[in-house]
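Student: what's the 3D shape of this:
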Amino acid sequence: MTQCPLLVSGGSGQLAHLVLEHLLEKKPRPVIALTRTPSKLAALAARGVEVRFADFDQPKDLARAFAGAKRMLLVSTNSFSKGQRLAQHRSAIEAATLAGVDHIVYTSFVDLSVTDLEFLSTDHLATEKLLAESSSGYTVLRNSFYADILLPVLDRAASSGIISTAAQDGRVAYITREDCALAAATALASPFEGRRVLEITGPAAINSADLAQIAGEVTGTRFRVNNLPLDKWHDFLVGSGVPPPMAKLLTSIEHGISRGALNIQSDAFRDLTGRPAASMAHFIAQKRSSASSGTEA
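Tutor: Next comes the predicted model:
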């Protein structure tokens, strides 16, 4: 008997695309990709992925898009207008239930509900509540910050040798986008049918001094950390071309990190996938190798 297909939302996005690649490699069962732009997935369609149009802002058509799937990956949307992302997630969960989806894997974010960075996880925690109130089984993947966001920081520091920050000694267990995709693909293809919440982080929580040391060892460049007060950090960002509203947001995040808000580390990735998450040293070395060879890691 043919197994029911696995369904992945947000198929045109970076994370979902990596998930689809993992599923094609594993070939666990047929795969459906949902997207608002099916033409962007022509190459995946040619490799056997069933591409379907879906728009979470058009809920009346969603149940049809989910038809036939029993397990679904709900990739959190990047809509940041007040209330829009949560409304999109609610529509997707309700439509999935109507379509008979038994298990939903959701890409969430670490729980920051009792910190200065609560705004980063508010929609995610509200979505987790919707899942808990639904009739579906679920796997919530609370992903830490991507290691990938540090690449521009290291690029800026390459010429000066200075890593500027306002995070002080604050630590983050960065995890690569690639590893988050592997975790999502593994959870989606898993036979697990219950309900679980997994903290998906890198293998170690590091601070800026650690980053400078790791980057220096990998690249052979000596880096030093310049810890700035929050107001100077904000000015530094604006002077670097960051729009003031974004600079304000990034300053708030640095402040939260400095207070330990993201000092969360877990071995759940290893337990789920059977291998450790990539270290920061491995990630930086891999990106350098890809850049020098002209390929994309």
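
Student: quick one: buried residues of the helix or strand of the chain at the bottom of the mean pLDDT ranking?
Tutor: Averaged element by element with mean pLDDT, DSSP states H and E, the chain has its least confident helix or strand at helix 280-293 (a mean of 85). By 16 or more other C-beta atoms under 10 Å, the buried positions in helix 280-293 come out as 280, 282, 283, 284, 285, 287. Just so you know, the C-beta spots here come from the backbone N, C-alpha and C atoms, and that holds for glycine as well.

Student: Please, where are all the helices along the stretch 101-250 of the chain?
Tutor: 118-133, 151-160, 177-189, 208-219, 230-239, 244-258 (DSSP state H, counting those that start in this stretch).

Student: Tell me which of these lies nearest to residue 103.
Tutor: helix 177-189 (8.4 Å; C-beta to C-beta).

Student: Summarise which helices and strands that closest one is packed against.
Tutor: strand 6-8, helix 14-26, strand 71-74, strand 103-109, strand 137-143, strand 195-200, helix 268-273 (3 or more C-beta pairs under 8 Å, 6 or more residues apart in numbering; DSSP states H and E).

Student: hmm, who's touching it?
Tutor: For helix 177-189, contacts defined as C-beta atoms under 8 Å, 6 or more residues apart in numbering pick out 6, 8, 14-15, 18-19, 21-23, 26, 28-29, 71-73, 75, 105, 107, 139, 141, 143, 146-148, 198, 200, 202, 269, 272-273, 277-278, 297.

Student: With only the CA atoms kept, save that helix in PDB.
Tutor: Presented in PDB, the C-alpha positions along helix 177-189 are these (Å, rounded to 0.1, in the frame of the first residue of the first chain):
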ATOM      1  CA  ARG A 177      19.800  26.500   9.400                       C
ATOM      2  CA  GLU A 178      20.900  23.200   7.800                       C
ATOM      3  CA  ASP A 179      20.700  21.400  11.100                       C
ATOM      4  CA  CYS A 180      17.300  22.900  11.800                       C
ATOM      5  CA  ALA A 181      16.200  21.500   8.400                       C
ATOM      6  CA  LEU A 182      17.500  18.100   9.300                       C
ATOM      7  CA  ALA A 183      15.700  18.100  12.600                       C
ATOM      8  CA  ALA A 184      12.400  19.100  10.900                       C
ATOM      9  CA  ALA A 185      12.800  16.500   8.100                       C
ATOM     10  CA  THR A 186      13.600  13.800  10.700                       C
ATOM     11  CA  ALA A 187      10.700  14.700  12.900                       C
ATOM     12  CA  LEU A 188       8.300  14.800   9.900                       C
ATOM     13  CA  ALA A 189       9.400  11.400   8.700                       C
END
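
Student: could you check the angle strand 195-200 makes with that helix?
Tutor: Orientation of helix 177-189 against strand 195-200 (axes from the mean of the first three to the mean of the last three C-alpha atoms, to 10 degrees) gives an angle of 160 degrees.

Student: taking the mean pLDDT, what do you get for helix 177-189?
Tutor: Averaged across helix 177-189, the pLDDT comes to 98.

Student: Could you do stretch 230-239 as well?
Tutor: Stretch 230-239 comes out at a mean pLDDT of 94.

Student: buried sites along that stretch?
Tutor: For stretch 230-239, by 16+ other C-beta under 10 Å, it's 233, 234, 236, 237.

Student: From the residues you listed, pick the one nearest residue 250.
Tutor: residue 237 (5.9 Å).

Student: didn't the closest one look like it was pressed against residue 252?
Tutor: No - using C-beta atoms under 8 Å, residue 237 is not in contact with residue 252, being 11.6 Å away.

Student: what mean pLDDT would you report for stretch 252-264?
Tutor: Across stretch 252-264, the average pLDDT comes to 95.

Student: Return the alpha-carbon coordinates of that stretch using PDB.
Tutor: Presented in PDB, the C-alpha positions along stretch 252-264 are these (Å, rounded to 0.1, in the frame of the first residue of the first chain):
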ATOM      1  CA  SER A 252      16.900  45.200  22.200                       C
ATOM      2  CA  ILE A 253      18.000  41.700  21.200                       C
ATOM      3  CA  GLU A 254      21.600  42.400  22.200                       C
ATOM      4  CA  HIS A 255      20.400  43.700  25.500                       C
ATOM      5  CA  GLY A 256      18.300  40.500  26.100                       C
ATOM      6  CA  ILE A 257      21.300  38.300  25.200                       C
ATOM      7  CA  SER A 258      23.500  40.200  27.600                       C
ATOM      8  CA  ARG A 259      21.000  39.400  30.400                       C
ATOM      9  CA  GLY A 260      21.100  35.700  29.600                       C
ATOM     10  CA  ALA A 261      17.800  35.400  27.800                       C
ATOM     11  CA  LEU A 262      19.100  33.000  25.100                       C
ATOM     12  CA  ASN A 263      21.500  31.000  27.200                       C
ATOM     13  CA  ILE A 264      19.600  27.800  26.400                       C
END
